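1. Sequence and predicted structure are below.
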Amino acid sequence: MHHALKWYLASAVLVILDQWTKALASTYLPLAEPVPIGPLFNLTLVHNTGAAFSLLNEAGGWQRWLFIVLALGISAFIGVWLWRLPREKRWVACALALILGGAIGNLWDRMMLGYVVDFIDIYYQDWHWPAFNLADAAITVGAAMLVLDVIWLKNHRHADGGRRLRG
């Protein structure tokens, strides 16, 4: 069995969890009405036709197709990268699996609904971070892991005489 298959499975599990939480939010939350959960945290159902942070949300509809094409291309690129990645690059594989699962989760929404379901609302006083979902969080964590690998772990590999760290 190819080592990438377990990472594809992890991405698939993430897509399932993402879609399940979005279905729960869509079923039980009123649209655009915050439901307080605790300090600094609401659940607020939002239909985002734009990109991250609602970029191009009011663009008139063409952005849906742009984001679908971009997500398909990026997902294919990451899928091939993951397949070709050496077995010992588990840290990078995990990062790519998170990004892939998140991208597919949001792609599914765009293709099936025409928008992405967001519902996690983090705030402080009157300032609110743009609403997001599990897929967005996975993409963010995966991207941060890739940056960490390039900047920090790469420097430690060089300081270690060129030996690669496992992870």
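-> Yep, that arrived.

2. At which residues are the strands of the protein located?
-> 35-38, 41-48, 116-124, 127-128 (DSSP state E).

3. quick check: mean pLDDT across the longest one?
-> For strand 116-124, mean pLDDT rounds to 97.

4. With the second one instead?
-> Predicted confidence along strand 41-48 averages 96 (mean pLDDT).

5. So which elements touch that strand?
-> Judged by 3 or more Cβ pairs under 8 Å, 6 or more residues apart in numbering; DSSP states H and E, the packing partners of strand 41-48 are helix 4-28, strand 35-38, strand 116-124. For every residue, glycine as well, the C-beta is placed using N, CA and C.

6. any chance of the ones you listed in JSON lines, plus mean neighbour count and distance to I78?
-> Shown next, in JSON lines, are these (neighbours: other Cβ atoms under 10 Å; distance: least, Cβ to Cβ, whole Å):
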{"stretch": "helix 4-28", "mean neighbour count": "16", "distance to I78": "9"}
{"stretch": "strand 35-38", "mean neighbour count": "10", "distance to I78": "32"}
{"stretch": "strand 116-124", "mean neighbour count": "19", "distance to I78": "18"}
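
7. To W108, which of these lies closest?
-> Closest to W108 of these is helix 4-28 (Cβ to Cβ; 6.5 Å).

8. re earlier: of the strands of the chain, which is nearest S75?
-> Nearest of the strands of the chain to S75, taken as Cβ to Cβ: strand 116-124 at 14.8 Å.

9. That closest one vs strand 41-48, what angle?
-> On the basis of axes from the mean of the first three to the mean of the last three Cα atoms, to 10 degrees, strand 116-124 is oriented at 140 degrees to strand 41-48.

10. Go ahead and produce PDB holding the CA coordinates of strand 116-124.
-> Taking Å, rounded to 0.1, in the frame of the first residue of the first chain, the C-alpha atoms of strand 116-124 are listed here in PDB:
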ATOM      1  CA  VAL A 116     -19.400  28.100   1.700                       C
ATOM      2  CA  VAL A 117     -21.100  27.500   5.000                       C
ATOM      3  CA  ASP A 118     -19.300  29.400   7.800                       C
ATOM      4  CA  PHE A 119     -20.400  29.400  11.400                       C
ATOM      5  CA  ILE A 120     -17.500  29.800  13.900                       C
ATOM      6  CA  ASP A 121     -17.500  33.400  15.100                       C
ATOM      7  CA  ILE A 122     -14.600  34.600  17.300                       C
ATOM      8  CA  TYR A 123     -14.800  38.100  18.600                       C
ATOM      9  CA  TYR A 124     -13.600  40.600  21.200                       C
END
